[in-house]
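Enquirer: Okay, here's the prediction I keep looking at, along with the sequence it came from:
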Amino acid sequence: GTKVQMRLTAEYVCGGKFDVDNGVITSPLYPKNYINSEACIYDIVAPKKKRIALTCEYFNLSTKCIGHCGEHNGDKTYFQDITTFERYEGKDLEGKTIKSKKNHHTFYFLSNSKDVEDDHRQYGFSCSYHFF
C-alpha cells in the first residue's frame, strides 16, 4: 500500500491568542474596512482565577446579506461568542461589555462574500479587554 503523510499547519492571518492584560482586538485592517470572506478567531486567555471583560468602543458590521435572511441567520457578517454561541451583528456590541465566566474567552469573526472594502461607510470593530 501507499503511505500518505499530511501535515497541516494553521497560521493566524487575523485574530490570534491574546494573553496580556489590557489589550485590544480589532477586525482585519481596522480602521480600514475588513475584507470579504474573512474568518478570524480571537482567543483571550487570562491567568487562572481571573476573568475577562471585553468592551467594544467601535462595532459596526455590514448587514448586507446573501440568500434567505432573517434576524441572526443567513449569510451575514457576524461576531460570535464561542463560549455562549451568542451572535452579534450590525451595531449589536457598540458601547457594550461582555464578561466571561472563566479565564478563557474565544470570539469568532466571519465576514460574508459581500465586498465592503471600498464602501464609504466604516465597517469593522475595535474592542478593548482587561482581566479582573
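Expert: That came in fine, so what should we check first?
Enquirer: What residues are bridge-paired with the closest residue to residue 24 other than its chain neighbours?
Expert: Nearest non-adjacent residue to residue 24, counting by Cβ to Cβ, 6 or more residues apart in numbering: residue 128, 5.0 Å away. The C-beta positions use only the backbone N, C-alpha and C, and glycine is treated the same way. As for beta bridges, residue 128 partners with residue 24, residue 55 under DSSP bridges.
Enquirer: Could you report the neighbour count for residue 128?
Expert: Neighbour count for residue 128, taken as other Cβ atoms under 10 Å: 15.
Enquirer: Then residue 63?
Expert: 14.
Enquirer: any idea what it is structurally, helix, strand or coil?
Expert: Following DSSP: H, G, I helix; E, B strand; the rest coil, residue 63 is assigned to coil.
Enquirer: which residues touch it?
Expert: 76-77, 89-90 (Cβ atoms under 8 Å, 6 or more residues apart in numbering).
Enquirer: Quick one: those as JSON lines, columns for distance to residue 120 too.
Expert: Conversion of the contacts of residue 63 to JSON lines gives the following (distance: Cβ to Cβ, whole Å):
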{"residue": "76", "distance to residue 120": "20"}
{"residue": "77", "distance to residue 120": "17"}
{"residue": "89", "distance to residue 120": "20"}
{"residue": "90", "distance to residue 120": "17"}
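Enquirer: Distance check, the residue nearest the centre of the chain against residue 36.
Expert: The residue lying closest to the centre of the chain (Cα atoms, centre = their mean) is residue 109, at 3.1 Å. Using Cβ to Cβ, to the nearest Å, residue 109 is found at 12 Å from residue 36.
Enquirer: which stretches of this protein form strands?
Expert: Secondary structure of the chain by DSSP state E: the strands cover 15-18, 23-26, 39-45, 52-60, 65-70, 73-76, 78-81, 87-88, 97-99, 104-110, 124-131.
Enquirer: Just tell me which of the ones you listed ends up closest to residue 116.
Expert: Minimum separation from residue 116 across the strands of the chain (Cβ to Cβ) falls at strand 124-131, 9.1 Å.
Enquirer: List the buried residues in the closest one.
Expert: Residues of strand 124-131 classed as buried: 124-125, 127, 129, 131 (neighbour count, 16 or more other Cβ atoms under 10 Å).
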